[in-house]
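Q: When you get a sec, could you give me coordinates for this:
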Amino acid sequence: MPGDIEKLKTVISGCMQNVHEDQKYLYEHYYAYSLKIVFRYIYRYDRAVDVVNDGFVKLFKNITRFEFGQSGNVEMMLMGWMRTIMVNTAIDQLRKNSLIPEIGAIGENVYLEADASQSPEQSLLYKEIINEIKKLPPSYRIVFNMYVVDGFTHQEIAEHLGISVGASKSNLFKARALMQKFIKKNNEQVVTWMM
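A: Alright, predicted model coming up:
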C-alpha cells in the first residue's frame, strides 16, 4: 500500500507539471470512477463521456490547487476532489440545457466500466437504483444525487443550483418518498443504503 501512495503522489506531481504520461495514467485509472459519478446526472452515454472528459480538462487545468501535503489519504482526498469536479461539470451541463432530463437507455458498457469491482448482486442492485433515480423528475433527481449520494449539504445544493435551501429540502423529501415506494415494492435490502 505505501508504494501505491508514493506512486499516486508522483503521478499527481507529474500532472502538476503537465507530464502527459502521468495525466494519461490518472485519466485511465479514474475514468470508470468519474463516469459512474457523472452518469448519476447525465444518462446518455455519449453526453456522460463528454462531461467526464470536460471534467478531466478542468481537473488538469486546476490540479496545482490540489493539496495533499503529507497525508496518507491522498487517494481519498483526490477522489473527493475529483467527485466535486465531476458533479459540478455535470450540473453545468444540465444548467446549459435548463435542467432538461437526459433521455436514453443506460448502456451495458457503462455498468461494465463502472462496476468491474462489484459483485453481480451489487451490480444488479446498482442498476435497479440508477434506473429508479432516472425516473425521478429532474429537480428531485439532482437534489437526491447531490445530497444522498454525493454528500452535499442543502446550503451547497442551493448555491450550486440557484434555489432556496427550503426548495432543496422539499425536493429531497419528495425524491426520497418516490424512492421509498420503489424500495418497498421491489427490494427491501436497499432501505439501509438510502438512509
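Q: Spatially central, which residue of the chain would that be?
A: In the chain, the C-alpha closest to the average C-alpha coordinate belongs to Ile37, at a distance of 2.0 Å (C-alpha atoms, centre = their mean).
Q: excluding its backbone neighbours, what's nearest it?
A: Taking C-beta to C-beta, 6 or more residues apart in numbering, and ignoring the residues beside it in sequence, Ile37 has Met86 as its nearest neighbour in space, at 4.5 Å. C-beta here means a position set from N, CA and C on the backbone, and glycine is covered the same way.
Q: how close does the residue nearest to the centre of the chain get to Ser164?
A: Distance, Ile37 to Ser164, by C-beta to C-beta, to the nearest Å: 26 Å.
Q: got it, and Asp150?
A: With distances defined as C-beta to C-beta, the gap from Asp150 to Ser164 amounts to 20 Å.
Q: same thing with Ile130?
A: Computed with C-beta to C-beta, the distance linking Ile130 and Ser164 is 28 Å.
Q: Which one's more surrounded, those two?
A: Between Ile130 and Ser164, counting by other C-beta atoms under 10 Å, Ile130 is the more crowded of the two (18 against 11).
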